[in-house]
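Q: A structural model of the following input is requested.
(chains A, B, C and D)
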Number of protein chains: 2
Amino acid sequence: MTAASGGQQTARPTRLPRSARRKQLLAAAQQIFVAHGYHAAAMDDIAERAGVSKPVLYQHFPGKLELYLALLDTHCDAIIAKVRGAMLASPDNKDRVKGAVRAYFDFMDHESEAFRLVFESDLRNDPQVRQRVERVEQGCIAAVTDTIISDTGLRPDQAELLASGLAGAAGQAAQFWLANGRRTPKAEAEALVAALIWRGIASFPLQGGSTAGTPAEIG
Amino acid sequence: MTAASGGQQTARPTRLPRSARRKQLLAAAQQIFVAHGYHAAAMDDIAERAGVSKPVLYQHFPGKLELYLALLDTHCDAIIAKVRGAMLASPDNKDRVKGAVRAYFDFMDHESEAFRLVFESDLRNDPQVRQRVERVEQGCIAAVTDTIISDTGLRPDQAELLASGLAGAAGQAAQFWLANGRRTPKAEAEALVAALIWRGIASFPLQGGSTAGTPAEIG
DNA sequence: TTGCACGCCGATCTTGACCTCCACGGAGCC
DNA sequence: GGCTCCGTGGAGGTCAAGATCGGCGTGCAA
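A: You can find the predicted model right below:
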């Protein structure tokens, strides 16, 4: 029944400065939230994981929801920035697709916890959480939409629809790739998905390129 | 005023045969679960929505989780069947893609509640729920995977990766389409997404070269 | 050395939601 | 027509989990 009964948390209850303690609490909360989801995650578990007691947790965060939101805010901007960065990294659309897909897979590979925290959140019904998650999705879609509009001349609603499909493809494939234990080599998986997406979007008729009417005609 | 407040529940507390009562309870539960999610949905709300009291609910279902699982089971097979049916409806891959995309959009259009119930579940951490949801995803992916393998000769892991991407594209696009209030006309949206997917997958190097016009290298 | 301040912990409270017990009312039967 | 039975309804128990209060030990200044 000693204090150090658990596992790899701090061996002894040592006093930490506030910023370090806060970062440690955020890390512990991220592990618990990702492992069990928001609802199944108990504040007791987070505190135990961090090697402190619950009051310390409540001295750093007003409540469970605020802790979760702080964690979300830590990652939301990073995700948008990565996708947008891939869009801005090159003027060649093929490279852009490759870069965006690589961004998804990199994020999955190295920060899968953040990805799952945002995109598999079980608190999307909460307005605060919903707003943040939708901001990320809209941000990713918007980054792609601009390119689609400027290159294909589709209407904004059409371009956004396609962009959402592309984002869904990349996200779902990356998720599937990770969930199946990285069975396919990462570079190969990236190339496959990038090819899929590139072939899909590149074939769309350019402005003034072909017969007008319905650009969505399959043929 | 209590019984007839919401919508089309039984106007008066009439005695119903068990099967009809059960169906009514399932319908009420679906509305509540979709509207508020699993956790925020209260059994009191479901009972009130159905116009009965809680004991009746517990005479039909042992508990909240079982009620949710029964609801899930009602729809899981339907979703898989629709996608698989679209795959089997035609030997032409282009028609298959069209049919599958139409299946997604039809499901979104007409049974969006079922879609949201399955794919936006906030109880995916529960093993029972996770198993069912993953079975649907795997079923949809598997249906497409067989076609991809037989037509492109890719390895199973590669084909499954692409299939997951395609399913993600269709699902995300359909979800986006619905979330934005069906802004784009349905037929046009279907055609756009089907074209995106078909262009993406049809360009992959064929083994026999049946449907795709020009096999192209993966860039 | 001694008083002070501060961060930390065990134990506790409260709320809210899932899940059952006692009264009522209509339907079938003699 | 009266008795019995079954299903309904509201009120209550229980428990888990979020949120909080008095005590303790350490480091610093005078």
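Q: mind checking the SS state of residue A:52?
A: At residue A:52 the chain is in coil, as set by DSSP: H, G, I helix; E, B strand; the rest coil.
Q: State the pLDDT value of it.
A: Note for residue A:52: predicted pLDDT of 90.
Q: Distance check, it against residue A:71.
A: 17 Å (CB to CB, to the nearest Å). (Glycine included, C-beta is placed from N, CA and C.)
Q: same deal with residue A:151?
A: Residue A:151 is 37 Å from residue A:71, by CB to CB.
Q: of these two, who's got more company?
A: Just comparing residue A:151 and residue A:71: by other CB atoms under 10 Å in any protein chain shown the higher neighbour count belongs to residue A:71, 22 against 15.
Q: Would you agree that one is in contact with residue A:32?
A: No - if you go by CB atoms under 8 Å, residue A:71 and residue A:32 don't touch, sitting 10.4 Å apart.
Q: quick check: domain ranges of chain A?
A: Chain A breaks down by automatic domain parsing into domains covering A:18-61, A:73-202.
Q: for the shortest one, the distance to its chain's centre please.
A: Right, the one you point to is domain A:18-61. 21 Å (CA atoms, centre = their mean, to the nearest Å).
Q: Quote the end-to-end distance of that domain.
A: End-to-end distance for domain A:18-61: 12 Å, by CA to CA, to the nearest Å.
Q: so who does residue A:196 touch?
A: By CB atoms under 8 Å, 6 or more residues apart in numbering or on different chains, the contact list for residue A:196 reads A:169, B:162, B:165, B:166, B:200, B:201, B:204.
Q: so the first one makes contact with residue B:163?
A: By that I understand residue A:169. No - with contact defined as CB under 8 Å, residue A:169 does not count as touching residue B:163 (10.6 Å).
Q: Mind checking which of those two has more residues around it?
A: Set residue A:169 next to residue B:163 and count neighbours by other CB under 10 Å: residue A:169 wins out with 30 against 26.
Q: Give me the helices and strands touching whichever strand or helix holds that one, please.
A: Taking DSSP states H and E as the criterion, residue A:169 maps to helix A:156-179. When contacts are defined as 3 or more CB pairs under 8 Å, 6 or more residues apart in numbering or on different chains; DSSP states H and E, helix A:156-179 sits against helix A:93-110, helix A:112-119, helix A:127-152, helix A:186-202, helix B:156-179, helix B:186-202.
Q: of all the ones you listed, which lies closest to residue A:75?
A: Of all those, helix A:112-119 sits nearest to residue A:75, with 4.1 Å by CB to CB.
Q: Pull out the buried residues from the closest one.
A: Neighbour counts using 16 or more other CB atoms under 10 Å in any protein chain shown place A:113, A:114, A:115, A:116, A:117, A:118, A:119 of helix A:112-119 among the buried residues.
Q: Could you export the helix holding residue A:169 as PDB, CA atoms only?
A: Extracted in PDB, the C-alpha atoms of helix A:156-179 (Å, rounded to 0.1, in the frame of the first residue of the first chain):
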ATOM      1  CA  PRO A 156     -17.400  25.500 -54.200                       C
ATOM      2  CA  ASP A 157     -20.000  23.000 -53.000                       C
ATOM      3  CA  GLN A 158     -18.700  20.500 -55.500                       C
ATOM      4  CA  ALA A 159     -15.100  21.100 -54.600                       C
ATOM      5  CA  GLU A 160     -15.800  20.800 -50.900                       C
ATOM      6  CA  LEU A 161     -17.600  17.500 -51.500                       C
ATOM      7  CA  LEU A 162     -14.700  16.100 -53.400                       C
ATOM      8  CA  ALA A 163     -12.300  17.500 -50.800                       C
ATOM      9  CA  SER A 164     -14.200  15.800 -48.000                       C
ATOM     10  CA  GLY A 165     -14.000  12.500 -50.000                       C
ATOM     11  CA  LEU A 166     -10.300  12.800 -50.400                       C
ATOM     12  CA  ALA A 167      -9.700  13.700 -46.800                       C
ATOM     13  CA  GLY A 168     -11.900  10.700 -45.800                       C
ATOM     14  CA  ALA A 169      -9.900   8.400 -48.100                       C
ATOM     15  CA  ALA A 170      -6.600   9.500 -46.600                       C
ATOM     16  CA  GLY A 171      -7.800   9.400 -43.100                       C
ATOM     17  CA  GLN A 172      -9.600   6.100 -43.300                       C
ATOM     18  CA  ALA A 173      -6.700   4.500 -45.100                       C
ATOM     19  CA  ALA A 174      -4.200   5.700 -42.600                       C
ATOM     20  CA  GLN A 175      -6.400   4.600 -39.800                       C
ATOM     21  CA  PHE A 176      -6.900   1.200 -41.400                       C
ATOM     22  CA  TRP A 177      -3.100   0.900 -42.000                       C
ATOM     23  CA  LEU A 178      -2.400   1.600 -38.300                       C
ATOM     24  CA  ALA A 179      -5.200  -0.600 -37.000                       C
END
